[in-house]
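>>> here you go, sequence then predicted model.
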Amino acid sequence: MATTERRNLLLFVLGLIVAIAGWRIGPGSIPAPSTDIGRGQLVFPGLAAKLPDVARITIESGGKTIALLPRAGGAPAGEWGLQERGGYPVRTDKLRSMLTGLTLLRQVSPRTSDPALYSRLGVENAGTAGGSSTQVTLFAAHGKVVASLIVGHTRVRTAGGLPDQIYIRRPGHKRSWLAQGTLSVDANPQLWLRRTILDIPAANIAGVTSTRDGTTLVFTRQAGKLHLTSPATHPKLDRYKVSDVQGALTALTLQDVAPASTNPGTPVGTSEFRTTDGLAITVHGFRQGANFWAQFAASGKGAGPIEARVRGWTYKLGNWMERELIPDLAELKAAAPATPAPIPPAKAPTVPATKAPPAATQQGATQPGKAPAAPGRASAAPAQAPARATARIRVRTTPGADPSEVAAAAAAAVTATAGK
């Protein structure tokens, strides 16, 4: 009994010491719950094992949603289709990349829990109008959610060789996260479609027969190139435009697609492309407003896989494909050579009139045909003297007159004329 009381007393004293120490040190010394819970962990642990059970995938952004479904009706196993395009096959590589990204995505560090700040990271609710977030949800049978994630902005990392990072948030959770991994989630249906329809090299085309507006054109291959053989008489054709007809089925891609049951528009014409190995591709063209649509059918040798791929679909193509798949003779004509503009008659050059040099007005100026005066000397042409300076003074004398009287008379005459 004494031992038990001594032990209880010791425990009481130790508890009192711990209480006092906690009171003196303060509550700040008690570690808070760790915020690193989930750091470095997979966002969806065990998702890889659940992927075979996925029966539907939805992708929502800006209030718009698309859905991916496994294809039925004899489609290859593992092939998925886009519900908004009647189940048209989607890109397998793109689907595989998205599912792999979800499986390998890891949490790096927690971010904001304030809904007012979600838009900065792009993790607001995907149904928000004008939002930039995208929500992807994987469903099993009977609508059970396998995984769901709101995908936000990608974090730009300037250093090379570093893994991608992206902001994420689980629907219904306040905490957002910075995650590490590569994840591409697109809500644009155009990015999911398999775009290639046909890819038959131009060198394999042996001939084309096209009927449009009641006129049939027959092209036959000669020396490796198509030539219009019917009608036999026709205007000169543009060689490049005929080459476009021969290569119309090479790398042929769609802009959009719809089930063949959908009204494709007004019929334009029909063409049949024949290959050198016995394959025939029939094209039916349609015009719907400003858009060109086409339906394809395959027959002959090796037609099975192509027919299975194109049967039941109407494809929207670029408008320029209309003149290549359903050619029109008027559009195949070569452009008339441009008529050169007439050359105006040559005109004699106009010689500008020359002006006579101004008359010499300064002393020493020369006249035409006369040599200039030598520098430093007076001009050879004397200046006109005043009339009075050139007048002669005549003094009448009588024979035997005294010379002194004659000189005096001359001096008096000079004096008299000086004032005139």
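Done, it's in. Here the structure is a predicted model, which means the values were calculated and not measured.
>>> show me where the stretch 251-400 of the chain has strands.
Secondary structure of the stretch 251-400 of the chain (DSSP state E, counting those that start in this stretch): strands located at 252-253, 256-259, 266-275, 279-288, 291-300, 313-317.
>>> output the contacting helices and strands for the fourth one.
Here strand 279-288 is seen to pack against strand 266-275, strand 291-300, helix 322-325 when contacts are counted using 3 or more C-beta pairs under 8 Å, 6 or more residues apart in numbering; DSSP states H and E. Backbone N, C-alpha and C define where each C-beta goes, glycine included.
>>> please identify the deepest-packed of these.
helix 322-325 (a mean of 22; mean count of other C-beta atoms under 10 Å).
>>> for it, C-alpha coordinates in CSV please.
The C-alpha coordinates for helix 322-325 follow below in CSV (Å, rounded to 0.1, in the frame of the first residue of the first chain):
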residue,chain,number,x,y,z
GLU,A,322,-14.3,22.3,-102.6
ARG,A,323,-12.4,23.2,-105.9
GLU,A,324,-10.0,20.3,-105.3
LEU,A,325,-12.4,17.6,-104.3
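>>> what is the mean pLDDT for that helix?
Helix 322-325 shows an average pLDDT of 97 in the prediction.
>>> likewise stretch 186-203?
Rounded mean pLDDT across stretch 186-203 is 96.
>>> quick one: residues in contact with that stretch.
With C-beta atoms under 8 Å, 6 or more residues apart in numbering as the contact definition, stretch 186-203 has outside contacts at 59-62, 64-66, 68, 82, 84-85, 88-91, 94-95, 134, 224, 243, 246-247, 249-254, 256-257, 273, 275, 279, 281, 296, 306, 309-310, 315.
>>> filter the residues you listed to the buried ones?
59-61, 65-66, 68, 82, 85, 88-90, 94-95, 134, 246-247, 249, 252, 254, 257, 273, 275, 279, 281, 296, 306, 309-310, 315 (16 or more other C-beta atoms under 10 Å).
>>> of all the helices and strands packed on strand 279-288, which lies closest to Arg39?
strand 291-300 (52.0 Å; C-beta to C-beta).
>>> that closest one: partners in the sheet, and parallel or antiparallel?
Paired neighbours of strand 291-300 in the sheet (DSSP bridges): strand 279-288 (antiparallel), strand 313-317 (antiparallel).
>>> return the most buried member of those strands.
Highest mean neighbour count among those (mean count of other C-beta under 10 Å): strand 313-317, a mean of 21.
>>> quick one: average confidence on it?
Rounded mean pLDDT across strand 313-317 is 98.
>>> what distance separates that strand from the centre of its chain?
Centroid separation for strand 313-317 versus its chain: 24 Å, with C-alpha atoms, centre = their mean, to the nearest Å.
>>> again, but for stretch 156-176
29 Å.
>>> and stretch 259-273, end to end?
23 Å (C-alpha to C-alpha, to the nearest Å).
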